[in-house]
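J.: Sequence isn't available, so here's the structure alone:
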Ligand SMILES: O=c1ccn([C@@H]2O[C@H](COP(=O)(O)O)[C@@H](O)[C@H]2O)c(=O)[nH]1
């Protein structure tokens, strides 16, 4: 039986300054949020930065969205497991075989294996952008298609927008995790995100985890903003 997970906010640490990120992290508790390290911080500060967060007791989502041939991706997710991260991801458009090999590469880590999830359609993309890629499906249909492929490959869940959460929960079941960026509290700037939703509505729609970056990290008082978001979805 699955347990209810109360730490639903994954803070996207997208900083170009390691000390600024660590100063923020030191004001947080691993009991109130998880942390996401993406391409910017990993490229600047590398595995050592990730290890510091793991050593501070945080669950870390390593959001490097691997997209390569199966052998390379399998080795990359194993390297992420060695760092002790809680979750790692690949692009579902890398294909079934790539996702299957990645999952297989994590088997040897047993219970310590990170959750493996797949990015479907980036939350910064809308119908017009899909068309420019030659994809004629709606974002929702493309997300469902790729999420089914990820489930067939044995992955633990997908990155999607909260706008697709209800449909995905209905078609893929409650255990398949939905990790949703593009979360915007009322009144906050959408920026480059296209498929957005508020934290409360996203949870109601079926999101398991909310990825939130700028609305927290660029707030006047990021710690207070996190507390307000946590209270709004409790
Ligand atoms: O489809 C996706 C996949 C990943 N992301 C990442 O999430 C955060 C969102 O940050 P905000 O500042 O809240 O927009 C960012 O790190 C992205 O790389 C995503 O937005 N959409």
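T.: That came through, no problem. Quantities reported herein were computed from a predicted structural model and do not represent experimental measurements.
J.: is the longest helix that the chain contains anywhere near the ligand?
T.: The longest helix of the chain (DSSP state H) is helix 39-55. No - using Cβ under 6 Å from any ligand atom, helix 39-55 stays clear of the ligand, coming no nearer than 7.1 Å. To be clear about C-beta, it is placed using only N, CA and C from the backbone, and glycine gets the same treatment.
J.: So in that sheet, which strands flank the helix or strand following that helix, and in what orientation?
T.: Where DSSP states H and E defines the elements, the next helix or strand beyond helix 39-55 is strand 60-66. Strand 60-66 has the following strand partners under DSSP bridges: strand 34-37 (parallel), strand 87-91 (parallel).
J.: which stretches of this protein have low pLDDT?
T.: Scanning the chain with the threshold set as pLDDT under 70 gives 1-4.
J.: So which residues of it form strands?
T.: 9-12, 34-37, 60-66, 87-91, 115-119, 157-159, 177-180, 209-212 (DSSP state E).
J.: Contacts for the shortest one, please.
T.: Residues outside strand 157-159 that contact it (Cβ atoms under 8 Å, 6 or more residues apart in numbering): 89, 92, 115, 117-120, 143, 146-147, 150, 168, 176-181, 208, 211.
J.: ok, now with 10 Å
T.: 61, 63, 65, 87, 89, 91-92, 115-123, 143-144, 146-151, 164, 168, 172, 175-182, 208-209, 211 (Cβ atoms under 10 Å, 6 or more residues apart in numbering).
J.: now, of the strands of the chain, which is deepest in the fold?
T.: Comparing those by mean neighbour count (mean count of other Cβ atoms under 10 Å), strand 157-159 comes out on top with a mean of 27.
J.: Distance from that one to the middle of the chain?
T.: 7 Å (Cα atoms, centre = their mean, to the nearest Å).
J.: before we move on, what about stretch 169-182?
T.: With Cα atoms, centre = their mean, you get 12 Å for stretch 169-182.
J.: buried residues in that stretch?
T.: 169, 172, 176, 177, 178, 179, 180, 181, 182 (16 or more other Cβ atoms under 10 Å).
J.: Keep only the contacts of strand 157-159 that also lie close to the ligand.
T.: Answer for these near the ligand (Cβ under 6 Å from any ligand atom): 119, 122, 123, 181, 182, 211.
J.: and for the longest helix of the chain, what are the contacting residues?
T.: So helix 39-55 is contacted by 12-18, 21-22, 25, 30, 34-37, 58-60, 62-65, 79-80, 82-86 (Cβ under 10 Å, 6+ apart).
J.: Buried residues, that helix. List them.
T.: 41, 45, 49, 50, 52, 53, 54.
J.: what does stretch 209-223 give?
T.: Neighbour counts over stretch 209-223 (16+ other Cβ under 10 Å) mark 209, 210, 211, 212, 213, 214, 215, 216, 217, 219, 222 as buried.
J.: Pull the contacting residues for the first one.
T.: Residues in contact with residue 209 (Cβ under 10 Å, 6+ apart) are 5, 7-10, 34, 36, 61, 87, 115, 117, 157, 159, 177-181, 183, 202-203.
J.: in the protein, what residue is nearest the ligand?
T.: Closest contact between the chain and the ligand, by Cβ to the nearest ligand atom, is at residue 213 (2.6 Å).
J.: roughly how far apart are the closest residue in space to that residue that isn't next to it in sequence and residue 217?
T.: In space, residue 213 comes closest to residue 12 once its chain neighbours are excluded; the distance is 3.2 Å by Cβ to Cβ, 6 or more residues apart in numbering. Using Cβ to Cβ, to the nearest Å, residue 12 is found at 7 Å from residue 217.
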